[in-house]
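Visitor: this one's structure only:
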């Protein structure tokens with residue numbers, strides 16, 4: 001199974017998956033990173049892992065349909081089987097969605113369906129969880145569809161919200177779980193333990 005990554009920033013979840021592939025815990029090969037941000041740390045991580053990377057964004061392709069097509073072409077050229085969103089901050093285009101239906105994964109830093117939807121990313125999620133007085137949060141790996149954070153859920157990991165938690169302390173503990181949950185989910189897909197629709 002060949003993995004393609006879409007990232008916008010540091011790519012720490014991508015790194016956890018790259019490490020899992022390198023250690024043989026994930027029977028898959030990283031094939032390509034597509035990044036919309038030329039200054040992203042994810043590009044350095046890809047280079048260190050020897051994985052090809054492309055910068056594709058609104059500057060390289062001002063027309064959204066052209067950008068969508070360019071991303072899809074790059075993934076197809078790399079023979080990518082599974083697309084992994086690793087902190088990718090752009091909406092997935094309709095051509096990519098249709099061509100990789102039920103083959104695009106995302107990880108969300110909360111227990112979906114709670115605290116999902118447009119604008120709910122990163123620290124916004126952890127602030128909302130604490131403001132709501134939740135006693136539990138976590139991470140969710142799910143498939144992508146046309147609506148933010150509403151695709152089928154594949155796996156979740158739970159994290160207690162402690163009385164003294166700040167959004168920052170909660171984020172650190174959730175991220176620890178993300179770095180275990182995402183590679184584990186991909187390994188289970190690659191070995192057939194999780195069957196995609």
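Guide: That came through, no problem. Keep in mind the model is a prediction, meaning the values are calculated, not measured.
Visitor: got the contact list for the helix ranked longest in the chain?
Guide: Taking DSSP state H as the criterion, the chain has its longest helix at helix 167-190. Helix 167-190 has contacts (Cβ atoms under 8 Å, 6 or more residues apart in numbering) with 1, 3, 12-13, 16-17, 19-20, 25-28, 82, 84, 105, 107, 109-110, 122-123, 126-127, 129-130, 137-139, 141, 154-157, 159, 161-162, 193-194, 196. Where you see a C-beta, it was placed from the backbone N, CA and C, and this is true even at glycine.
Visitor: give the contact list for the nearest residue to residue 18 once chain neighbours are set aside.
Guide: Spatial nearest neighbour of residue 18, excluding adjacent residues (Cβ to Cβ, 6 or more residues apart in numbering): residue 49 at 4.8 Å. Residues in contact with residue 49, defined by Cβ under 8 Å, 6+ apart, are 18, 22, 30.
Visitor: For the second one, give me its contacts.
Guide: Right, residue 22. Counting by Cβ under 8 Å, 6+ apart, residue 22 has contacts residue 49.
Visitor: Check the gap between it and residue 16 for me.
Guide: Remark: distance between residue 22 and residue 16 (Cβ to Cβ, to the nearest Å) = 11 Å.
Visitor: returning to what we had before: which among the contacts of helix 167-190 count as buried?
Guide: Buried subset of those (neighbour count, 16 or more other Cβ atoms under 10 Å): 3, 12-13, 16-17, 20, 26, 28, 82, 84, 105, 107, 109-110, 126-127, 129-130, 137-139, 141, 154-157, 159, 161.
Visitor: Restricted to strands, list the contacts of residue 49.
Guide: Members of the contacts of residue 49 lying in strands (criterion: DSSP state E): residue 30.
Visitor: where exactly do the strands run in the protein?
Guide: Using DSSP E, strands in the chain cover 2-7, 29-35, 53-55, 82-86, 104-108, 136-143, 153-160.
Visitor: Redo those strands as CSV? Include distance to residue 42.
Guide: Shown next, in CSV, are these (distance: least, Cβ to Cβ, whole Å):
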stretch, distance to residue 42
strand 2-7, 4
strand 29-35, 6
strand 53-55, 8
strand 82-86, 7
strand 104-108, 14
strand 136-143, 18
strand 153-160, 22
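Visitor: Can I get those in JSON lines including distance to residue 41 and mean pLDDT?
Guide: Listed next are the strands of the chain as JSON lines, based on distance: least, Cβ to Cβ, whole Å; pLDDT from 0 to 100:
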{"stretch": "strand 2-7", "distance to residue 41": "9", "mean pLDDT": "98"}
{"stretch": "strand 29-35", "distance to residue 41": "10", "mean pLDDT": "98"}
{"stretch": "strand 53-55", "distance to residue 41": "12", "mean pLDDT": "98"}
{"stretch": "strand 82-86", "distance to residue 41": "11", "mean pLDDT": "97"}
{"stretch": "strand 104-108", "distance to residue 41": "17", "mean pLDDT": "97"}
{"stretch": "strand 136-143", "distance to residue 41": "20", "mean pLDDT": "98"}
{"stretch": "strand 153-160", "distance to residue 41": "24", "mean pLDDT": "98"}
